[in-house]
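Trainee: Provided below are the primary sequence and the corresponding predicted coordinates.
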Amino acid sequence: MLGEIKNNTENLFKAYPELNTGVKASMSEYKNIKWSVRRKISKWYLMLLTEYPLCGLDIGIPFNYGWESLKNKEIAELPLLNTKLNSFDDIEFDATESFPGFELIKKGFICIAPDENSSGDGFYIKAKEKNPKVIYIYHDCGANSKELIGYSQLIANSFTEFLSIIKPPEIIDDWMSRNNLTDSDI
């Protein structure tokens with residue numbers, strides 16, 4: 001599993017050399033976050049953030065934005081939601097200072113990337129799993145972790161799949177133009 005995640009990470013950077021905004025995390029950054037958060041981060045995710053320049057990496061994630069016209073589209077047909085992958089400090093802030101992060105950390109979920117267009121939505125993984133699925137959590141779809149997870153949107157069935165679908169960021173207007181769409185089409 002770790003080999004597959006490493007391969008997919010390397011393939012991501014080979015396929016998109018323009019993905020160069022991230023940095024590698026350091027072990028001291030990891031050791032400086034609160035123990036209650038640090039213990040939720042698995043060794044494979046620690047290795048990933050310290051071996052590859054993923055922290056703060058600008059990415060685009062295929063996303064249907066909840067639009068009815070996009071709900072049955074294939075992943076390759078979806079527009080991208082632009083975001084950045086979280087650093088250890090970002091993970092800690094989300095898990096201790098932000099809803100729904102402080103609720104979801106209780107069940108072992110960490111936010112790997114926020115939805116920078118909203119207040120609290122984000123992409124989460126259950127970090128202690130070996131190759132966890134990636135889900136999108138809506139901050140306003142529940143008051144506790146069970147409800148939040150229950151109303152989540154599946155983004156990828158595994159982290160390796162997630163690495164294979166992310167792309168460089170894209171302006172939604174460019175996607176709409178490429179697909180000959182207007183606001184009224186969405």
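Mentor: Alright, I've got the coordinates. Numbering: from 1, shown residues only.
Trainee: so what's Ile186 scoring on pLDDT?
Mentor: You'll see Ile186 listed with a pLDDT of 63.
Trainee: meant to ask about Ala25
Mentor: 98.
Trainee: helices of this protein, start to end?
Mentor: Taking DSSP state H as the test, the helices found in the chain are 2-15, 27-32, 35-38, 43-51, 88-97, 101-104, 145-150, 159-165, 172-178.
Trainee: residues in contact with the fifth one?
Mentor: The set of residues external to helix 88-97 that reach it, using Cβ atoms under 8 Å, 6 or more residues apart in numbering, is 25, 29-30, 32-34, 36-37, 40-41, 49, 55, 86, 101-102, 104-105, 110-112, 114, 122. Just so you know, the C-beta spots here come from the backbone N, C-alpha and C atoms, and that holds for glycine as well.
Trainee: are any of those buried, and which?
Mentor: Listed as buried from these are 25, 29-30, 33, 37, 40-41, 49, 55, 86, 101, 104-105, 110-112, 114, 122; burial here means 16 or more other Cβ atoms under 10 Å.
Trainee: so, low pLDDT: which residues of this protein?
Mentor: Residue ranges of the chain with pLDDT under 70: 1, 118, 184-186.
Trainee: which ones are touching the nearest residue to Trp175 once chain neighbours are set aside?
Mentor: Closest residue in space to Trp175, ignoring its immediate chain neighbours: Pro79 at 4.2 Å, by Cβ to Cβ, 6 or more residues apart in numbering. Contact analysis of Pro79 by Cβ under 8 Å, 6+ apart lists 62-63, 65, 70, 170, 172, 175-176.
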